[in-house]
Structures are given as structure tokens and as C-alpha cells.
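*Asks:* Following is a predicted model, sequence given first.
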Amino acid sequence: MTGKNNANFNKEYVELVSKLTPKTNEPKTLFHAFWVGGFICMIGQFIKIVLSSAFGLYGDNLAGATSMVLIFLSALLTGLGVYDRIGKYAGGGSIVPITGFANSVVSPAMEFKSEGFVYGLSAKMFTVAGPIIVFGVIGSVATGLIYYVLGLLGVIA
């Protein structure tokens, strides 16, 4: 294919893609993401208030218990197929909170459960979230080492 033919093909391809790509109503999409993400956070705040008043939790214990309840609820809703519908409606508003991370762990596990417990459920569970966990651990270790070395050098107290 010559340069002229290649440029013509690229132009035709771009035109075809723009014609077939569904148009997005940005204000509507942003509004859905905003209110659903806010509603998820409001549910988290409600859980935090209930755990604090009912069980007397505070500080780190309260934060951990609230996170565990939110993770459990999103994993349950993912297993029931509800969280996927919320995600289609809300877009980024459903993936930003901690519930979106739990959804990204459970979704591949649900998809491959027919392959068995070890090769399906367990092996595929971290296909999406695995890199996030790995780079999170590597980043935190690197930050800790830098902080430690700067402390030895007397740069930070």
C-alpha cells in the first residue's frame, strides 16, 4: 500500500469509526456518575454512623469495619448481577469508591466460575485487580524505603 492509499484508508477508517460510535450525552453521564458516587459515599457514611452508635466503634476500627461492610455489599451485589447494572448507569461514579475495587475483584471470578474453584474462581479473581494490588504494594514499599533512607540521612525527623 502506498503512502497516498494508506492516508486515504486512514481517513475512511476514522470517518467510519466516528459514524458508528454512539454519541454520548456528557452532562447527563456526568450527572449520573456524580449522584451515584455520592449516594454510595452517603451509604458508607450511614454504615459508619450505625456501626459507631450500635457497636461503639471509633477511629481505625470504625474505618475498617465500614470498609468491610461496603466491600461485602458490593461483592454481594456483583454476585447478584445488580452492581453491573449500576455500573452501566453510573459509569465512573460506581468504580471510584472502594465498592468499585471489590466489583473488579468479584466480576472475573463470577465470569470464570464454570472452570472450577481453582482454575476459574481463584485464578481469575485477580486478573483485573491484581496489577493494582501489586503496584500498590510495590509503591508503598518504595515509599517506605525512601522515607527510611531520608530519615537515616537526617533529611526528615
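*Replies:* Yep, it's here. Numbers count the residues shown, from 1 in each chain.
*Asks:* low pLDDT regions in the protein?
*Replies:* Low-confidence segments of the chain (pLDDT under 70): 1-5, 113, 117-124, 128.
*Asks:* Quick check: can you list the domain ranges of it?
*Replies:* 25-125, 127-157 (automatic domain parsing).
*Asks:* Remind me which helix or strand Ala75 belongs to.
*Replies:* helix 59-79 (DSSP states H and E).
*Asks:* Check which helices and strands whichever helix in the chain runs longest sits against.
*Replies:* Determined from DSSP state H, the single longest helix within the chain is helix 26-55. Applying 3 or more C-beta pairs under 8 Å, 6 or more residues apart in numbering; DSSP states H and E, one finds that helix 26-55 makes contact with helix 59-79, helix 82-90, helix 92-95. The C-beta positions use only the backbone N, C-alpha and C, and glycine is treated the same way.
*Asks:* Between those, which one is closest to Leu51.
*Replies:* When the helices and strands packed on helix 26-55 are compared by C-beta to C-beta, helix 59-79 sits nearest Leu51, at 5.2 Å.
*Asks:* quick check: angle from the closest one to helix 82-90?
*Replies:* On the basis of axes from the mean of the first three to the mean of the last three C-alpha atoms, to 10 degrees, helix 59-79 is oriented at 90 degrees to helix 82-90.
*Asks:* what does helix 59-79 contact?
*Replies:* 40, 43-44, 47-48, 51-52, 55, 57, 83-84, 86, 97-103, 105-107, 110 (C-beta atoms under 8 Å, 6 or more residues apart in numbering).
*Asks:* chain center to it, what's the gap?
*Replies:* 14 Å (C-alpha atoms, centre = their mean, to the nearest Å).
*Asks:* same deal with stretch 58-72?
*Replies:* For stretch 58-72, the distance to the chain centre is 18 Å (C-alpha atoms, centre = their mean).
*Asks:* Fine by me, we can end here.
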